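**Student:** Got a predicted model here, sequence first, then my questions.
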Protein chains: 2
Amino acid sequence: MARAGRRPGRTGTRERILAAARELFGQRGYEGTTIRAIAAAAEVNPALLHHFFGTKEQVFVAALNLPIDPATVVPRILDGPRGELGQRMVRVMLEVWRQPDARASFLALLRSVASHEDAVRMFRQFVERTVLERLAGALGVPKLRLTTAAAQVIGLALLRFVIGMEPLSTADEEEIVQLVAPVIQYYVDGRGPSRP
Amino acid sequence: MARAGRRPGRTGTRERILAAARELFGQRGYEGTTIRAIAAAAEVNPALLHHFFGTKEQVFVAALNLPIDPATVVPRILDGPRGELGQRMVRVMLEVWRQPDARASFLALLRSVASHEDAVRMFRQFVERTVLERLAGALGVPKLRLTTAAAQVIGLALLRFVIGMEPLSTADEEEIVQLVAPVIQYYVDGRGPSRP
């Protein structure tokens, strides 16, 4: 049922843009797709795309219905004392993934990645450009260390929220932060964590 | 084409057992399925199942075509000085997943888990019973720490072998071992790793 006062056709336009974006990102990867190309495929003005979504990154987040928006998450991880970066990264991750729809999004993402090599490339480029390179640049940490830290956080989300592995699945959030934050801090600092 | 000298019907029997096993594991989970029930569903003698596969665990590995056999992997991780356990766990994981067929198995497993809640339960129970509980028992390490170590190793395999995230994907194996082993050792020992 259309909401009262809504301009007719607006929802249809948004959906058409997102469908075109999904197709192009899949075909050309994240890097090979431009706002201009999506606008052309959806037969709208590029300015309308910017108006609806902002950046290419945000079109991607909306098109793939991702629970994580790097434009929000990356600054939250970076903002604060460097010695507490591990804590912030684990906390932000736990917060994002405990949202009601996040598990369904994670499952859809896994299905897509497990079924299409195009989806693998698309997500890989997206995470590299919008998360890893920004964090590595801002922190001056080698990308290998940062990618391995990401592996810890992603593996944790997979076992806690998707697989439901016990006792990780029901463990207290603060206990997980205390346990895992020193590991992220180790990757970032290149020094061993103190006993938690 | 049947191999010369092979007893007729033998391959058919093996396939019938594995198909019955897949169905029962999916329906009843790993714990709720017995060798006896699989034999009954496949209409063979339970002794034949033991003869073909050994234990229920090995039936599961064969039925799901897993690249990891816990009966082989767990002793290899445990066998050696405790202070080098982190190194062994990372090395064994890298070795298993670099086998030619391992990536296809990992993708099939992800597809299955991302599409069926039954598959989630089945794999969760299998990993808990055959890997995590054995390691936790043998090492006297709390299950939460061990599960979080598993999250690191699984996340690493996902990004290196499935997603192909750089520079993790092409990094030297020994460099990854040196970087990640202290983390596993930290989870096992409850002490911070030395600078790698």
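**Tutor:** Sure, I can see it.

**Student:** so where do the helices sit in chain A?
**Tutor:** Assigned by DSSP state H, chain A shows helices spanning A:10-28, A:35-42, A:46-53, A:56-63, A:70-78, A:85-97, A:102-115, A:117-127, A:133-139, A:143-157, A:173-189.

**Student:** out of the ones you listed, nearest to chain B?
**Tutor:** Of all the helices of chain A, helix A:143-157 sits nearest to chain B, with 2.6 Å by CB to the nearest CB. (Each C-beta comes from the backbone N, C-alpha and C, glycine too.)

**Student:** which other helices and strands contact the closest one?
**Tutor:** Judged by 3 or more CB pairs under 8 Å, 6 or more residues apart in numbering or on different chains; DSSP states H and E, the packing partners of helix A:143-157 are helix A:85-97, helix A:133-139, helix A:173-189, helix B:143-157, helix B:173-189.

**Student:** Show me where chain A dips below the pLDDT cut-off.
**Tutor:** Across chain A, the ranges flagged by pLDDT under 70 are A:1-11, A:191-196.

**Student:** tell me the centre residue of it?
**Tutor:** Centroid-nearest residue in chain A, with CA atoms, centre = their mean: residue A:68, separated by 3.8 Å.

**Student:** thinking again about what came up before, any idea which of the helices and strands packed on helix A:143-157 is most buried?
**Tutor:** Mean neighbours per residue, mean count of other CB atoms under 10 Å in any protein chain shown, is largest over the helices and strands packed on helix A:143-157 for helix B:143-157, with a mean of 24.

**Student:** Please put the alpha-carbon coordinates of that one into PDB.
**Tutor:** Only the C-alpha atoms of helix B:143-157 are listed here, as PDB (Å, rounded to 0.1, in the frame of the first residue of the first chain):
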ATOM      1  CA  LYS B 143      35.700 -23.800  25.400                       C
ATOM      2  CA  LEU B 144      35.100 -20.100  24.800                       C
ATOM      3  CA  ARG B 145      38.900 -19.500  24.300                       C
ATOM      4  CA  LEU B 146      39.100 -22.400  21.900                       C
ATOM      5  CA  THR B 147      36.100 -21.400  19.900                       C
ATOM      6  CA  THR B 148      37.500 -17.900  19.500                       C
ATOM      7  CA  ALA B 149      40.800 -19.400  18.300                       C
ATOM      8  CA  ALA B 150      38.700 -21.500  15.800                       C
ATOM      9  CA  ALA B 151      37.100 -18.300  14.700                       C
ATOM     10  CA  GLN B 152      40.500 -16.800  13.900                       C
ATOM     11  CA  VAL B 153      41.500 -19.900  11.900                       C
ATOM     12  CA  ILE B 154      38.200 -20.200  10.000                       C
ATOM     13  CA  GLY B 155      38.100 -16.500   9.200                       C
ATOM     14  CA  LEU B 156      41.600 -16.800   7.900                       C
ATOM     15  CA  ALA B 157      40.800 -19.700   5.600                       C
END
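
**Student:** gap between it and the chain center?
**Tutor:** Centroid separation for helix B:143-157 versus its chain: 13 Å, with CA atoms, centre = their mean, to the nearest Å.

**Student:** Could you check the angle that helix makes with helix B:117-127?
**Tutor:** 110 degrees (axes from the mean of the first three to the mean of the last three CA atoms, to 10 degrees).

**Student:** that older thread, make TSV out of the helices of chain A and add distance to residue B:183.
**Tutor:** Output for the helices of chain A, formatted as TSV (distance: least, CB to CB, whole Å):
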stretch	distance to residue B:183
helix A:10-28	33
helix A:35-42	40
helix A:46-53	38
helix A:56-63	30
helix A:70-78	19
helix A:85-97	12
helix A:102-115	23
helix A:117-127	21
helix A:133-139	18
helix A:143-157	7
helix A:173-189	5
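
**Student:** want to try TSV for the helices and strands packed on helix A:143-157, with distance to residue B:136 as columns?
**Tutor:** What follows is these, written out as TSV (distance: least, CB to CB, whole Å):
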stretch	distance to residue B:136
helix A:85-97	22
helix A:133-139	33
helix A:173-189	15
helix B:143-157	5
helix B:173-189	10
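
**Student:** List just the one of those helices that sits closest to residue B:43.
**Tutor:** Of all these, helix B:143-157 sits nearest to residue B:43, with 37.0 Å by CB to CB.

**Student:** The closest residue to residue A:21 other than its chain neighbours: what's it in contact with?
**Tutor:** The shortest distance from residue A:21 to any non-neighbouring residue, by CB to CB, 6 or more residues apart in numbering or on different chains, is to residue A:63 (4.0 Å). Each residue near residue A:63 by CB atoms under 8 Å, 6 or more residues apart in numbering or on different chains is listed here: A:18, A:21, A:22, A:25.

**Student:** so who does the first one touch?
**Tutor:** Just to be clear, that refers to residue A:18. Contact analysis of residue A:18 by CB under 8 Å, 6+ apart lists A:59, A:62, A:63.

**Student:** Kindly recompute the last result at 7 Å.
**Tutor:** Applying CB atoms under 7 Å, 6 or more residues apart in numbering or on different chains, we find residue A:18 in contact with A:62, A:63.

**Student:** picking up where we left off before, any idea how far the residue lying closest to the residue nearest to the centre of chain A once chain neighbours are set aside is from residue A:103?
**Tutor:** The shortest distance from residue A:68 to any non-neighbouring residue, by CB to CB, 6+ apart, is to residue A:96 (5.4 Å). According to CB to CB, to the nearest Å, residue A:96 stands 11 Å off from residue A:103.

**Student:** Now do stretch A:46-57: distance to the chain's middle.
**Tutor:** Stretch A:46-57 sits 18 Å away from the centroid of its parent chain (CA atoms, centre = their mean).

**Student:** Please list the residues of chain A that sit near chain B.
**Tutor:** A:107, A:110-111, A:114-115, A:120, A:124, A:128, A:143-145, A:147-148, A:150-152, A:154-156, A:158-159, A:163-165, A:167-168, A:171, A:179-180, A:182-183, A:186, A:190-195 (CB under 7 Å from any CB of the partner chain).

**Student:** swap the cut-off to 6 Å and go again
**Tutor:** Residues of chain A lying near chain B by CB under 6 Å from any CB of the partner chain: A:107, A:110-111, A:114, A:120, A:124, A:143-144, A:147-148, A:151-152, A:154-156, A:159, A:163, A:165, A:167-168, A:171, A:179, A:183, A:191-195.
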